[in-house]
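Colleague: structure for this input, please:
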Amino acid sequence: MGSGAIRRRLALGLAVLTASGLLAVAAPAEAQAAAHCPGRKVRTLPFTTGSVVVYKRGGYVCAVTLAKKPGAKRKMSVSVRARGGRPVVDEGRYQHHAGPVTVHAGRRCVWVKGRVASGSVSSGWILC
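Modeller: Below you'll find the model as predicted:
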């Protein structure tokens, strides 16, 4: 193999490594939520300071609240309530996300809430 071919392969390898590094750094917050909840994403509930991402698998519903600007710890929460049941809540001071929380909903509707600092969202009954 000539020196030109070696340079091309090294350049290609460096380009692939650089691109994969940039994708890892610039990955959207929702991709990080996927690491926390199994299943398929069924809803994103945005609000001023973040968003709640809702996943479903089988009869289970999972939710994570993600901060729009991660960094300093601040009050965050996420809750999921299946109709007829009690809410499952994660609340505290976090930098990036609150949750995940999971409930068995079966075919029942769920109510999802999320909060990051002063911003919040409440879904009403969804996934009925």
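
Colleague: what lies in contact with stretch 72-90?
Modeller: 50, 52, 54, 61-65, 67, 91-95, 97-106, 108-117, 125 (CB atoms under 8 Å, 6 or more residues apart in numbering). The C-beta positions use only the backbone N, C-alpha and C, and glycine is treated the same way.

Colleague: are any of those buried, and if so which?
Modeller: Neighbour counting with 16 or more other CB atoms under 10 Å marks 50, 52, 54, 61-65, 67, 94, 97-103, 105, 108-116 as buried within the contacts of stretch 72-90.

Colleague: what number of residues lie near residue 40?
Modeller: 9 (other CB atoms under 10 Å).

Colleague: partner residues bridging the closest residue to residue 68 other than its chain neighbours?
Modeller: Excluding its sequence neighbours, the residue lying closest to residue 68 (CB to CB, 6 or more residues apart in numbering) is residue 50, at 4.8 Å. On the basis of DSSP bridges, residue 50 is bridged to residue 47, residue 67.

Colleague: then residue 104?
Modeller: residue 60.

Colleague: that older thread, next step: the contacts of stretch 72-90 restricted to strands.
Modeller: Among those, the residues falling in strands (DSSP state E) are 50, 52, 54, 61-65, 67, 91-94, 97-104, 110-116, 125.

Colleague: burial of residue 83, as a residue count?
Modeller: 13.

Colleague: contacting residues for the residue nearest to residue 68?
Modeller: Neighbours of residue 50 in contact, by CB under 8 Å, 6+ apart: 65-68, 76, 114, 116, 119.

Colleague: how about the CA coordinates for the helix or strand that contains residue 79, as PDB?
Modeller: Per DSSP states H and E, residue 79 falls inside strand 74-82. Provided in PDB are the C-alpha atoms of strand 74-82 (Å, rounded to 0.1, in the frame of the first residue of the first chain):
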ATOM      1  CA  ARG A  74     -32.600  23.300  40.400                       C
ATOM      2  CA  LYS A  75     -35.900  21.900  41.500                       C
ATOM      3  CA  MET A  76     -37.200  19.400  39.000                       C
ATOM      4  CA  SER A  77     -40.000  16.800  39.000                       C
ATOM      5  CA  VAL A  78     -41.800  14.300  36.900                       C
ATOM      6  CA  SER A  79     -45.000  12.300  37.700                       C
ATOM      7  CA  VAL A  80     -47.100   9.700  35.900                       C
ATOM      8  CA  ARG A  81     -50.600   8.700  37.100                       C
ATOM      9  CA  ALA A  82     -52.700   5.900  35.500                       C
END
